[in-house]
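# A predicted structure for the sequence below; I have some questions about it.
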Amino acid sequence: MTGDRTPRVAVVIVCWNSAQTLPGLLDSLPEGLAGLRYQVIVVDNDSADDTVAVARRCVPDCLVVPTGYNAGYAAGINAGVAAADPYDAVLVLNPDIRLSAGCGARLHRELTGEVGIAVPLIRHENGSVAYSRRREPTITRAFGEALLGERAGRLRYFGETVLDERAYRTAGRSDWATGAVMLISAQCLTACGPWDESFFLYSEETDYALRARDNGYHTRFIPDAEATHLGGQSRVSPRLWSLLAVNRVRLYRKRHSAPATAMFRAALVLRESSRALLGQQRSRSAMVALLRGASPEQWRTPHPRKPLE
């Protein structure tokens, strides 16, 4: 319609073997994105199940972007954004997210001026609040978490994860937030450029939010926009926990000096080794990966990227 000012949103969903969880997300979009014009883009990282068929059955006019291999989360986002029609904002979603009614429009109203990224209140499947807000990684916070455990999150200078429940009742700025649901303005995307694909999985959203801040855009948390994360309470495997730890060091190295990075790594080794002594297998795996200086490339499918179809 000529003169239609309804915001245009590119919905980018990065999938890998997501046939079981994707339908629920797609079913939630009409109410969750009411008041917005949106294009659904399903990026498939070489799924072995029926993800693509499910996507096309649920949303016949969706755009499916095959990467050709398990390219990782950041690469999937980049592929989806590159394939999108003109947009005012991009909504990045995990396939196991369920949007509550009006979530998208509420987030979009916040994308003004310096707000480049808007994130909702995320709940677990049982209705409890997911602690999705984060503070910038620092050496002090890394040692705080190593020595104080979850208690560090209640103290501003000693924990990266914000565990104060009061922080989830009011809107406000966050250094970054978990990347399961992120609405990013077109201006912010232009200023920051593509997501860093070298992270493969974990820390890519941290990197992007901090780069957005470097470019004059901040992340805003909106508690009256809500979403449910079905996988938010599932335990991370030892292999992926190792990748998370390795990428935390890589992100810190990207923004700080070598001596500072060595201190940050030492804090993470202390954290994981103390938990490994308590019998946590995933912490033992992470400690070994940190000491060996493992690369994220070992988690990536080792064959070349195929052209997008």
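Structure received.

# Ala245 contacts Arg292, doesn't it?
No. Using C-beta atoms under 8 Å, Ala245 is not in contact with Arg292; the gap is 11.4 Å. (C-beta placed from N, C-alpha, C; glycine too.)

# More neighbours: the two, which one.
Neighbour count, other C-beta atoms under 10 Å: between Ala245 and Arg292, Ala245 has more, with 26 against 10.

# show me what contacts Leu270?
Counting by C-beta atoms under 8 Å, 6 or more residues apart in numbering, Leu270 makes contact with 143, 146-147.

# could I get the residues you listed as JSON lines with pLDDT?
Shown next, in JSON lines, are the contacts of Leu270 (pLDDT from 0 to 100):
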{"residue": "Phe143", "pLDDT": "95"}
{"residue": "Ala146", "pLDDT": "93"}
{"residue": "Leu147", "pLDDT": "93"}
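
# Of those residues, grab the buried ones for ChimeraX.
Listed next is the ChimeraX selection for buried residues among the contacts of Leu270, using 16 or more other C-beta atoms under 10 Å:
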select :143,146
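
# Which of the contacts of Leu270 sits closest to Ala276?
Among the contacts of Leu270, Ala146 lies closest to Ala276 (C-beta to C-beta), at 12.2 Å.

# which of the residues in the helix or strand containing the closest one are buried?
Assigned by DSSP states H and E, Ala146 falls within helix 139-148. Going by neighbour count (16+ other C-beta under 10 Å), the buried part of helix 139-148 is 139, 141-146.

# Now the lowest-mean-pLDDT helix or strand in the chain - C-alpha only, CSV.
Lowest by mean pLDDT, DSSP states H and E among the helices and strands of the chain is helix 281-292, with a mean of 88. In CSV, the C-alpha atoms belonging to helix 281-292 read as follows (Å, rounded to 0.1, in the frame of the first residue of the first chain):
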residue,chain,number,x,y,z
GLN,A,281,32.3,-33.1,33.9
ARG,A,282,31.5,-30.1,31.8
SER,A,283,33.9,-27.9,33.9
ARG,A,284,36.6,-30.4,33.5
SER,A,285,36.2,-30.3,29.8
ALA,A,286,36.2,-26.5,29.8
MET,A,287,39.3,-26.4,31.9
VAL,A,288,41.2,-28.7,29.5
ALA,A,289,40.1,-26.6,26.5
LEU,A,290,41.2,-23.4,28.2
LEU,A,291,44.6,-24.8,29.1
ARG,A,292,45.1,-26.2,25.6
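
# That helix - contacts with which helices or strands?
If you count contacts as 3 or more C-beta pairs under 8 Å, 6 or more residues apart in numbering; DSSP states H and E, helix 281-292 packs onto helix 238-255, helix 258-276.

# Would you map the helices across the stretch 101-250 of the chain?
103-108, 139-148, 186-192, 204-214, 238-255 (DSSP state H, counting those that start in this stretch).

# which of the ones you listed is buried the deepest?
helix 103-108 (a mean of 24; mean count of other C-beta atoms under 10 Å).
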